[in-house]
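Need coordinates for the following:
(one chain, ligands or ions: 1)
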Amino acid sequence: MPKPKFYLTTPIYYVNARPHIGHTYTTIVADTIARYKRMRGFEVVLLTGTDEHGQKVEQSARAAGKGPQEFADEVAADYRQLWQTLGLDYDRFLRTTEPRHAKAVQTIFQAVEKAGYIHKGKYEGQYCVFDELYVTDATPEGNCPECGRPTQRVEEENYFFQLSVFQDKLLAHYEKHPEFIRPESRRNEVMSFVRGGLRDLSISRSRLRWGIPLPGREGHVFYVWFDALTSYMSGIGYGAEGAAAEEYRRLWPADLHLVGKEIVRFHAVYWPAFLMAAGLPLPKMIFAHGWWVFEQQKMSKSRGNIVRPQPIHQVLGTDALRYFLLREMVFGQDSNFSYDALLTRYNSDLANDYGNLASRTLTMIERYFNGVIPAPDASTDDLEHDKDIWIAANGAIDHFTRCFDNYMFSRGLDFVWHLINTVNRYLVVTHPWKLAKDESKRARLATVLWNAAESLRIVTALLSPVMPAATDRIWRQLGLAGSPKSVRLDDSRNKLDWGQLAPSTRIGKIEPVFPRLDKNQAIKKIQQLEAEEFAAQTAAAQPTARKGGSVAEVEQTRISIEDFAKVEMRVGEVKSAERVAGANKLLKLLVDIGSETRQIVAGIAETYSPEQLLGKKIVVVVNLQPRKLRGVESNGMLVAASVGAEGRPVLATFAEDVEVGARLK
Ligand code: ME8
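Residues are numbered from 1 along each chain as shown. Just a heads-up that it's a prediction; the model follows:
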């Protein structure tokens, strides 16, 4: 019998910024679901990718002194590299600048147009570049209601999609398929948004060049969301011809679009309406998860409260991060990210509970049975204690499966930990180390250790989608062949059940998988790596002088005098300077900028000693949003040249004495 298919997607990520823990979270959840569904017997295809068009990307590229394609190439490569470093597997990767994607977007547009849902119109109003969204309900100050950033006034002739006629059809679909939008709270939000009435949606842009051209409409490119959503189909062959489209026919509609809550409207309103208009089947489910907030705010580059995954990966390994993110967040709700909670969970759940269960069970098998799994002896069963773990083990399999089928990751993991804790307690009350001293208790000792090892096997199989690398290692230490991935959580012959652990198996080499860590030291190390990474990126992100660029390239990266005037640079004088503890590259300065004294953290400690800087007059960008570096607030930025291949910072100063606070123009 062919396996049932399961096609799932992450959002395709904007290339205007480098990936942080939020993007990593969605990808980790998707990777976990893919692994879990494979164990449930599905043929799984996971698509991810990068969203590379639109005004936001065009602007970020310009700010970095790069052409949009070059810029997109770099960030898209960053994403792929990160997923590889973290061991996140995907089956399809779609970049919206690929020709196959442009063809698909044009194909779906033509289908929508042919059905009569496209007309020409004029848009006059506010636009939010950050959200790539027309804003009809700007705040009194003219800011975007979604993200709070200033909007800009635009007036353009565009092609519109007749979204308004889909109001009733969408509502009927939501009613008929309650699982279409999850969780329930998001479904209610979307339904009330749609009940409030839908306006036609402009799906082309004439002010913008960085996009996919509308077929036959010179000067118009597609609105970035019309473009981006189609990636879910273009990435599997929609718009291709012949055999290349076979996968699309097999996989579409998607079984699950995994998204963050801020983009649920695009997925649950616009996307199904486009598909209905084109006469195509709708995805089965859109699951909107909550946000990781840090210091009580959604992470964002401009707020400077971003957590990056690499430093955590370097100190704790990816599996610990995966476990933490899935256990800590109730899927669908917001959750606060804290290093303290991360390290607490690492030490208590992974090192103490799971790690300890593995190491004590295996060590006793090594010590008392020469490394060979003993056979249980039913005549020595002690129902008072043994029954608890049989019940917990069967309960863990059932409840974990039920919870993961419903995307309740945290709760599913609770059941596995209930089993782990039950077995750890069991080992305390049955005290095998005492049984080992009495030759007449050898059969009972064998039963106790077999029960513990069998529980460890079940725990390890269940945790395999969440912690693939660590569970592979523990599996091998248990002496089992292959990987826990091949265990099945369906009704096939490999089905995970109590009682399958074969006695006489020789266990593998015992090695700690989650060594206990000193919490403060580990946090310090993560933050130090973070600061180093930040300093390296800041240096790399400085626009580089182009050597011999063509006139067209130079034109593309030029900015207007108004753009330049937005950056406020002043003469500052360094009043004090000191090193930031634990960060080799950072100095904390107090700088007088005329009107006030500012605290600024700068990545210049490898070039300048604190003493060298005292009294120095330097250039300060004073109107940047404050950000935190290694937990120290930085309120401004020093201007420096980035010199040599390693980008050594050299501060800009003045040829003659200048007044503190004077503005640079
Ligand atoms: O929205 N917590 O791309 P994007 C949890 N290109 N998840 C977070 C998060 C946080 N703090 N920050 C980001 C786009 N995410 C569009 C999508 S799809 C056709 C186009 C996750 O790069 C979350 O899943 O801004 C969110 O939806 C996604 O990253 C946004 O990524």
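
Domains in this structure, by residue range?
As assigned by automatic domain parsing, the chain contains the domains 5-121+163-194+215-309, 338-486, 560-664.

is the second one up against the ligand anywhere?
No. Where contact is defined by CB under 6 Å from any ligand atom, no part of domain 338-486 touches the ligand; the two come within 13.7 Å at best. Heads up, the C-betas are built off the backbone N, CA and C, glycines and all.

Going forward, count from 15.
Fine by me, first position is 15 from now on; the one you just mentioned is domain 352-500.

For that domain, measure first residue to last.
Between the opening and closing residues of domain 352-500 lies a distance of 34 Å (CA to CA, to the nearest Å).

could you give me the average pLDDT of that domain?
This predicted structure assigns domain 352-500 an average pLDDT of 96.

what about that domain, distance to the chain center?
Here domain 352-500 is found 30 Å from its chain centre; the criterion is CA atoms, centre = their mean, to the nearest Å.

Please name the residues that touch the residue in the chain that the ligand sits nearest to.
Using CB to the nearest ligand atom, the closest approach of the chain to the ligand is made by Gly36 at 2.2 Å. Taking CB atoms under 8 Å, 6 or more residues apart in numbering, we find Gly36 in contact with 274, 305-306, 312-313.

Please pick the buried ones from those residues.
Buried subset of those (neighbour count, 16 or more other CB atoms under 10 Å): 274, 305-306, 312-313.

In a markdown table, list those along with secondary structure.
A markdown table is the format used below for the buried ones among the contacts of Gly36 (DSSP: H, G, I helix; E, B strand; the rest coil):
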| residue | secondary structure |
| --- | --- |
| Gly274 | strand |
| Trp305 | coil |
| Trp306 | strand |
| Lys312 | strand |
| Met313 | coil |
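
related to what we said a few turns ago, next secondary structure after the helix or strand in which the residue of the chain closest to the ligand is found?
Assignment of secondary structure by DSSP states H and E places Gly36 within helix 35-53. Where DSSP H and E defines the elements, the next helix or strand beyond helix 35-53 is strand 57-65.

What are the buried residues along that next one?
In strand 57-65, the ones that count as buried by 16+ other CB under 10 Å are 58-65.

Just after the helix-or-strand element of the chain with minimal mean pLDDT, pick out the following helix or strand.
The helix or strand with the lowest mean pLDDT-type score in the chain, counting by mean pLDDT, DSSP states H and E, is helix 565-571 (a mean of 41). Using DSSP H and E, the helix or strand that follows helix 565-571 towards the C-terminus is helix 575-579.

Then Val321 would be within a strand, right?
No. Looking at Val321 with three-state DSSP, it is coil, so not inside a strand.

Apart from its neighbours in sequence, what residue is nearest it?
Counting by CB to CB, 6 or more residues apart in numbering, Val321 lies nearest to Ile35, which is 4.3 Å off, once chain neighbours are set aside.

Arg32 now?
In space, and not counting its chain neighbours, Arg32 is closest to Asp92: 5.5 Å by CB to CB, 6+ apart.

mind checking how far that neighbour is from Asp45?
Using CB to CB, to the nearest Å, Asp92 is found at 18 Å from Asp45.

These two - which one has more neighbours?
Asp45 (23 against 16; other CB atoms under 10 Å).

about what we covered before: can you put the domains of the chain in TSV and add distance to Thr332?
Converted to TSV, these look like this (distance: least, CB to CB, whole Å):
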stretch	distance to Thr332
domain 19-135+177-208+229-323	5
domain 352-500	7
domain 574-678	23
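
right, so of these, which gets closest to Gly346?
domain 19-135+177-208+229-323 (4.0 Å; CB to CB).

tell me the average confidence for the closest one?
Predicted confidence along domain 19-135+177-208+229-323 averages 94 (mean pLDDT).

roughly how far out does it sit from the chain middle?
Shown here is domain 19-135+177-208+229-323, whose average C-alpha point lies 14 Å from the average C-alpha point of the whole chain (CA atoms, centre = their mean).

What about the residue nearest to Val149 when sequence neighbours are not counted, how many residues nearby?
Spatial nearest neighbour of Val149, excluding adjacent residues (CB to CB, 6+ apart): Gln140 at 4.4 Å. Counted with other CB under 10 Å, residues neighbouring Gln140 total 18.

next one: the one 4 residues further on
When neighbours are defined as other CB under 10 Å, Phe144 has 19 of them.

quick one, phi psi at it?
Here the main-chain torsion angles of Phe144 (degrees, to the nearest 10) amount to phi -60, psi -50.

just checking, it touches Gly68?
No. Counting by CB atoms under 8 Å, Phe144 sits too far from Gly68 to count as a contact (10.5 Å).

Enumerate the residues of the protein near the ligand.
Taking CB under 6 Å from any ligand atom as the criterion, the contact residues of the chain with the ligand come out as 25-28, 36-37, 39-40, 65, 242-243, 245, 273-274, 277, 305-306, 312-313.

can you give me the helices for the stretch 365-514 of the chain?
If DSSP state H, counting those that start in this stretch is used as the criterion, the helices of the stretch 365-514 of the chain fall at 370-383, 397-419, 423-444, 446-449, 456-477, 482-491.

what would those helices look like in a markdown table with mean neighbour count?
Putting these into a markdown table (neighbours: other CB atoms under 10 Å) gives the following:
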| stretch | mean neighbour count |
| --- | --- |
| helix 370-383 | 20 |
| helix 397-419 | 17 |
| helix 423-444 | 19 |
| helix 446-449 | 17 |
| helix 456-477 | 24 |
| helix 482-491 | 20 |
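
quick check, Val168 in a helix?
No. Secondary structure assignment places Val168 outside any helix; it is strand (three-state DSSP).

and it, how many residues sit next to it?
With other CB under 10 Å as criterion, Val168 counts 17.
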